[in-house]
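*Asks:* Just a sequence and a predicted model for now, questions to come.
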Amino acid sequence: MISLEQLTKVYGHGDAQTVVLDRLDFSVDAGEIFAVVGPSGAGKSTLAQCVNLLERPTSGSVLVNGENLSQLSEKQLRVARRRIGTIFQSDGLYSRRTAAANVALPLEYLGVTAAETRARVAELLDRVGLSNKAGHYPHQLSGGQRQRVGIARALALRPSVLLSDEATSGLDPDSTRSIVALLKELRDDLGLSILFITHEMDTVLQVADSVARLDHGRIVESGRIVELLRNPASGLGRALRPARAHESAPADATEWFVSYTSAHVPADWLTRLADQLGTTVSLLGASIETVDGATVGHASIGVTGADREHLITVARSLGLDARPEPAGESRPAEILEKVA
Ligand SMILES: Nc1ncnc2c1ncn2[C@@H]1O[C@H](COP(=O)(O)OP(=O)(O)OP(=O)(O)O)[C@@H](O)[C@H]1O
């Protein structure tokens, strides 16, 4: 488990002082993938550097399994850092070393015997699905495969925390999906706490259990993905929803956004809504996602001439959260860009 307590990083002095991370408080449990998203300059890279103590926090703490890393000497830190495996956007592999030799590096630094190293490297390459590429050099591997070698190397010292800093950025969608699947396997099989820093919201939806949005060094919104998706008032929830194909509402209709958990609504909710309101309801766009085993639906509907409060009440009686689509509000795709 990794916990940040009031983590603060300030660069510069006096008038030139910049608060880059401002009292961050959150924990990533064992067996949890926690994503941090935010616009450029929000402080994501600084956060990654403070978490593995490459940068010392100005104040506040980073705790791994209860041990406060921020108070350790450099020498103690070198040992403590073994508990944090890190993967970056650039795979950081040595081009003159084979995949196996790259994975072996942290073990060599520690003076692990050659026989033990060979066995551990074979196990790690098997873990990331690359047993057949052990003798390949980085330039002979795809971007996704290189990233897998990087993950195997990050796991070499059996960390309890994996820090992923834009590790899927720049990968094609298939490679991203395969890295996402691997990270989930590692979460489940090894009980790793994974801190996943990214600017890609669609990857967050695929990989994370929880997410926090960082802006100007502050966490402005956070929560479990499933809760955010269910909450129509959540900005992160809206940004996380896949962009929907979307019709325009008829000229005499107002546009509403509804969200629901399938288990709690009748399958014919649209018909019932129209019946109970005694008006025309048209479906403009919809998407359904399965998150944490729950099926969460979202729909944009056009409603002709219904009273606002009455509509909300009727929708609620059917298990739907309804709210008017604010005029001129960005579509999810545009919100995604803002978050990115
Ligand atoms: N060594 C430094 N000295 C002074 N300011 C810094 C230093 N490193 C980062 N900053 C400032 O901290 C802020 C956050 O930078 P950071 O690189 O952490 O953001 P980011 O969210 O990772 O951005 P991006 O997504 O563009 O990489 C920026 O305003 C940056 O200029």
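*Replies:* Everything's here; your move.

*Asks:* okay, CA-based contacts and neighbour counts for the rest of this
*Replies:* Fine.

*Asks:* Not counting stretch 286-302 itself, show me its contacts.
*Replies:* Stretch 286-302 has contacts (CA atoms under 8 Å, 6 or more residues apart in numbering) with 225-226, 229-230, 242, 244-246, 249-250, 253-263, 281-285.

*Asks:* For that stretch, measure first residue to last.
*Replies:* End-to-end span of stretch 286-302 (CA to CA, to the nearest Å): 12 Å.

*Asks:* And that stretch, what's buried?
*Replies:* For stretch 286-302, burial by neighbour count (16 or more other CA atoms under 10 Å) applies to 286, 288-289, 291, 295-302.

*Asks:* Next, find the distance separating the closest residue to Val180 other than its chain neighbours from Gly111.
*Replies:* Closest residue to Val180 apart from its sequence neighbours, by CA to CA, 6 or more residues apart in numbering: Val207 at 5.7 Å. To Gly111, Val207 is 35 Å away according to CA to CA.

*Asks:* hang on, the residue nearest to Val180 packs against Lys184?
*Replies:* Yes - using CA atoms under 8 Å, Val207 is in contact with Lys184, at 6.9 Å.

*Asks:* Look up the residues that both of these two are in contact with.
*Replies:* Shared contacts of Val207 and Lys184, counting by CA under 8 Å, 6+ apart, come down to Ile33.

*Asks:* For Ser45, give me its contacts.
*Replies:* With CA under 8 Å, 6+ apart, Ser45 has these contacts: Asp165.

*Asks:* May I see the buried residues of the strand or helix carrying it?
*Replies:* In the assignment (DSSP states H and E), Ser45 maps to helix 44-51. Using 16+ other CA under 10 Å as the test for burial, helix 44-51 gives 44, 46-51.

*Asks:* How about residues contacting the next helix or strand after that helix?
*Replies:* Using DSSP H and E, the helix or strand that follows helix 44-51 towards the C-terminus is strand 59-64. By CA under 8 Å, 6+ apart, the residues outside strand 59-64 that reach it are 1-9, 23, 50-51, 68-70, 83, 161.

*Asks:* So which of these belong to strands?
*Replies:* When those are checked against strands using DSSP state E, the ones located there are 2-9, 23, 68, 161.

*Asks:* thinking Val258 is in contact with Gly319, fair?
*Replies:* No - using CA under 8 Å, Val258 is not in contact with Gly319; the gap is 9.9 Å.

*Asks:* More neighbours: those two, which one.
*Replies:* Val258 (23 against 19; other CA atoms under 10 Å).

*Asks:* which residues touch the most centrally placed residue in the chain?
*Replies:* The residue lying closest to the centre of the chain (CA atoms, centre = their mean) is Ala35, at 3.0 Å. By CA under 8 Å, 6+ apart, the residues touching Ala35 are 195-198, 204, 208-212.

*Asks:* cool, Ala100 as well?
*Replies:* Going by CA under 8 Å, 6+ apart, Ala100 touches 121-122, 125, 134-135.

*Asks:* Weed out the non-buried ones from the residues you listed.
*Replies:* Taking 16+ other CA under 10 Å as the criterion, what is buried in those is 121-122, 125, 134.
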